[in-house]
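K.L.:
sequence and computational prediction follow.
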Amino acid sequence: MHEVQYKLVRCTINGRAVEKMIDVRASLTDMLRNDYSLNSVKKGCEVGECGACNVLIDGECFNSCIYLAIWADGKNIRTLEGLLGPNGELSDIQQAFVDEAAVQCGFCTPGFIMTAVEILESGKEYTRDELRKLLSGHLCRCTGYENILNAVEKTMKKRLGKA
Amino acid sequence: MYDIKALYEAKSVAHASELLLQHPEAKIIAGGSDVLIQMREGKLAGATLVSIYGLDELRGITMEEDGTIRIGSLTSFSHITKNPIIQQHVNVLGEAVDMVGGPQIRNIGTIGGNTCNGVTSADSGSTLVAYDAIVELTGAEGKRLVPIREFYIKAGKVDLRPGEIETAILIKKESYEGYKGHYIKYAMRNAMDIATCGCSANVKLSEDKKTILDARLAYGVAGPVPMRAPSAEAAAKGKPVSEETVNAFAKAALADINPRTSWRATKEFRLHLAEELARRALKEAIRQSGGDM
């Protein structure tokens, strides 16, 4: 056995400045789940194909399973947990997933919603085809894609005052 | 947890060279969307890594005084697609890298990694080869500029010497000025797939848009590395803009390429694709240049 290497990782997670010594072998998924109990970040394929571990880093979506935890140093990270209001209220996009029955088993949901957040925060209006492409980095094994698209599209239109 | 033996983080390009010379067995990790997956698969299990991901000085796209477009090697695919310099001068490159994997992969994947892994299916590869891009490598002894066609040695092998990292991709003004290009990726899915065949064509038309002054064609997955099709280019250069020229161009490409049969597709299918994609890509490039097609 060789010696385990650690690095101090200071970052902001869901608005809170945090720091911890992290094993350099950890993925960001490992860190968020094991060190910060953010269990919305799912371990799916662990090779960057399914999108279940997707989080926002400095406003852009990344599969945290193929992102080394040490790279998070100095970054602003947001997970699904950060979308809740102060009393646990659901955000508009989360509510839309409920309303549109876009959740079946729920495993892919946090990843999809975090990509939806990046889409919504761009402030742009996308066509359905464009939304398909923007959401294409996620797999839903219940295959409920239509409702997921509906939820994202409706929230986008609402936020743009077009629905 | 990844099966990483040891990991060293480079603080500067010079530091990266130092680390690589100190640990000759180490693999360079940029965005990690190849390295970490190979580690998971077991191919790179137990490897020592030198991470260059933190080198922000290698990110971004600039226009140099002489009109050369400089793309920092760690620039992500999504940043290339969104960049105004790319959109204005080599839009086809932004379109090509917008077909890599899915959105999250395009945020982590870098153009440096896409070229240094020496993979023929790399979506940036054919377009960079078609535009005579130059690879800037920096090592302990300084900088080295290598035309991308010479940079690719064989499948999975590029001209990267001990202690060197790729620091930029350069596209000279004469390589892009007046050209319009189009890239077609043929794959089984629209997202999260690897090209069965990739084809990048670009043209420069005469002022009256009736003659092809220059045409360039390059492929991914038509041989062990991204490659140009000089016979096709010769068949179109100086010829009138017409169906006949486009067909001759596409047919001639078959003399230049050497695709193989893999689990993804047969050689015969790839040859068929190569001809058809060349035809479509050139037509679209002509259209974008204002030609009547």
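P.N.:
Looks like it came in fine.

K.L.:
residue of chain B nearest chain A, please.
P.N.:
Nearest residue of chain B to chain A: residue B:102, at 2.9 Å (Cβ to the nearest Cβ). Backbone N, C-alpha and C define where each C-beta goes, glycine included.

K.L.:
look up phi and psi at that residue.
P.N.:
Backbone geometry at residue B:102, expressed as degrees, to the nearest 10, gives phi -130, psi -180.

K.L.:
quick one: it and residue B:191 touch, right?
P.N.:
Yes - applying Cβ atoms under 8 Å as the test, residue B:102 and residue B:191 come out as touching, 4.9 Å apart.

K.L.:
near chain A, which residues of chain B?
P.N.:
Counting by Cβ under 8 Å from any Cβ of the partner chain, chain B comes close to chain A at B:1-7, B:9, B:29, B:32-33, B:36-37, B:40-41, B:51, B:53-54, B:78, B:101-105, B:107-108, B:190-192.

K.L.:
list only buried entries from these.
P.N.:
B:2, B:4, B:6-7, B:9, B:29, B:32-33, B:36-37, B:40, B:51, B:53-54, B:78, B:101-105, B:107-108, B:191-192 (16 or more other Cβ atoms under 10 Å in any protein chain shown).

K.L.:
which residues does the residue nearest the centre of chain B contact?
P.N.:
Nearest to the geometric centre of chain B sits residue B:125, at 2.0 Å (Cα atoms, centre = their mean). Residue B:125 sits next to B:114-115, B:119, B:152, B:198, B:218, B:220, B:225-226 when contact means Cβ atoms under 8 Å, 6 or more residues apart in numbering or on different chains.

K.L.:
where's it relative to residue B:219, distance?
P.N.:
9 Å (Cβ to Cβ, to the nearest Å).

K.L.:
can you give me the helices in chain A?
P.N.:
Along chain A, counting by DSSP state H, helices occupy A:28-30, A:92-99, A:109-121, A:128-134, A:145-159.

K.L.:
ignore the last one, chain B
P.N.:
Going by DSSP H, chain B shows helices at B:13-22, B:35-41, B:77-82, B:84-89, B:91-97, B:103-108, B:111-116, B:125-130, B:148-151, B:173-176, B:230-236, B:243-253, B:267-288.

K.L.:
what's the domain layout of the chain?
P.N.:
As the question left the chain open, I've gone with chain A. Here the domain assignment for chain A is A:6-82, A:92-159, based on automatic domain parsing.

K.L.:
if you could check chain B rather than the one you did, that'd help
P.N.:
Here the domain parsing of chain B from automatic domain parsing is B:4-51, B:59-174, B:179-288.

K.L.:
residue A:155: which of these is closest?
P.N.:
The closest of the domains of chain B to residue A:155 is domain B:59-174. By Cβ to Cβ, the value is 17.5 Å.

K.L.:
so who does residue A:96 touch?
P.N.:
Shown in contact with residue A:96 (Cβ under 8 Å, 6+ apart): A:102, A:151-152, A:154-155.

K.L.:
so which of those comes closest to chain B?
P.N.:
For those, the nearest to chain B is residue A:152 (12.9 Å; Cβ to the nearest Cβ).

K.L.:
can the helices of chain A go into JSON lines with extra columns for distance to residue B:206 and mean pLDDT?
P.N.:
What follows is the helices of chain A, written out as JSON lines (distance: least, Cβ to Cβ, whole Å; pLDDT from 0 to 100):
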{"stretch": "helix A:28-30", "distance to residue B:206": "53", "mean pLDDT": "98"}
{"stretch": "helix A:92-99", "distance to residue B:206": "52", "mean pLDDT": "98"}
{"stretch": "helix A:109-121", "distance to residue B:206": "43", "mean pLDDT": "98"}
{"stretch": "helix A:128-134", "distance to residue B:206": "36", "mean pLDDT": "98"}
{"stretch": "helix A:145-159", "distance to residue B:206": "45", "mean pLDDT": "98"}
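
K.L.:
out of the ones you listed, nearest to residue A:75?
P.N.:
Closest approach to residue A:75 among the helices of chain A (Cβ to Cβ): helix A:28-30, 9.3 Å.

K.L.:
quick check: buried residues in the closest one?
P.N.:
Using 16+ other Cβ under 10 Å as the test for burial, helix A:28-30 gives A:28-30.

K.L.:
touching it from outside, list them.
P.N.:
Counting by Cβ under 8 Å, 6+ apart, A:23, A:41, A:43, A:46, A:53, A:55, A:62, A:64-65, A:67-69, A:71-72, A:77, B:1 sit against helix A:28-30.

K.L.:
if you set the cut-off to 7 Å instead, what comes out?
P.N.:
Contacts with helix A:28-30, where a contact means Cβ atoms under 7 Å, 6 or more residues apart in numbering or on different chains, come from A:41, A:43, A:53, A:64-65, A:67, A:69, A:72, B:1.

K.L.:
kindly report the same for stretch A:128-138.
P.N.:
Under the criterion Cβ under 7 Å, 6+ apart, residues A:50-51, A:108, A:111-112, A:115, A:119, A:126, A:148-149, A:152-153, B:102-105, B:190-192 lie in contact with stretch A:128-138.

K.L.:
try 6 Å this time
P.N.:
Contacts made with stretch A:128-138 from outside it, assessed by Cβ atoms under 6 Å, 6 or more residues apart in numbering or on different chains, are listed as A:51, A:108, A:111-112, A:115, A:119, A:149, A:152, B:102-104, B:191.

K.L.:
just the CA trace of that stretch, in CSV.
P.N.:
Taking Å, rounded to 0.1, in the frame of the first residue of the first chain, the C-alpha atoms of stretch A:128-138 are listed here in CSV:
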residue,chain,number,x,y,z
ARG,A,128,-38.3,21.8,-28.2
ASP,A,129,-35.5,20.4,-30.5
GLU,A,130,-32.9,22.6,-28.8
LEU,A,131,-34.2,21.5,-25.4
ARG,A,132,-33.8,17.9,-26.5
LYS,A,133,-30.2,18.5,-27.3
LEU,A,134,-29.5,20.4,-24.1
LEU,A,135,-31.0,17.6,-22.1
SER,A,136,-29.3,14.8,-24.1
GLY,A,137,-26.6,14.1,-21.5
HIS,A,138,-29.1,12.3,-19.3
